[in-house]
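> Sequence first, predicted coordinates after that:
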Amino acid sequence: MLSIRFLRRGKLHQPSYKIVVTEKTRPPKSGKFIEQLGSYDPKTKEKIFNSERIKYWISKGAQPSDTIHNLLVKNKIITGVKLAVHSVKKGKGEEPAVVQQPSVEAPKAEVTKEEAPKEEIKPEAPEQPKQELGSDEPKESEKEQV
């Protein structure tokens with residue numbers, strides 16, 4: 001399966017990214033890709049896209065990563081809804097969460113102390129005297145009763 005994703009380039013603390021089409025199974029830093037579709041520099045916010053080729057690869061079945069998808073939607077290269085990238089932990093086989101408009105909920109009814117359910121308090125069982133361990137002989141009080 002093909003994937004459209006970032007390929008990090010640049011020195012330490014000076015990142016720049018190529019937007020590339022690559023096999024999904026390849027490691028992100030391998031440097032092997034099928035085609036370069038653009039670049040992105042987060043420090044200067046400079047973005048370069050080859051929109052015709054991006055649309056071509058998406059039509060052929062290439063899946064953009066969540067961050068690339070949001071970047072393409074923001075720059076109006078593709079249409080759609082932005083995906084939540086950092087707010088949801090994804091497990092195997094789960095679909096990414098879609099950012100939705102906040103819905104208006106009905107106000108919750110306040111519960112007063114009178115309406116609150118009362119907890120039942122059960123009386124504790126009386127404690128029984130503990131027996132001493134280690135002696136099989138009856139106690140003095142038990143000897144007198146026998």
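Nice, I can see it.
> from what I can see Val85 touches Ile68, true?
No: the criterion here is C-beta atoms under 8 Å, and Val85 misses it with Ile68 at 10.4 Å. (C-beta placed from N, C-alpha, C; glycine too.)
> between the two, which one's more packed in?
Shown here are Val85 and Ile68; by other C-beta atoms under 10 Å, Ile68 has more neighbours (22 against 15).
> who's in contact with the more buried one?
4-6, 19 (C-beta atoms under 8 Å, 6 or more residues apart in numbering).
> so which of those residues comes closest to Thr25?
Arg5 (12.2 Å; C-beta to C-beta).
> Wait, a strand at that closest one?
Yes: counting by DSSP: H, G, I helix; E, B strand; the rest coil, Arg5 is part of a strand.
> Let me see the backbone angles for the closest residue to it other than its chain neighbours.
Once flanking residues are discounted, Arg5 sits nearest to Ser65: 4.3 Å by C-beta to C-beta, 6 or more residues apart in numbering. Ser65 adopts backbone torsions of phi -70, psi 170, taken as degrees, to the nearest 10.
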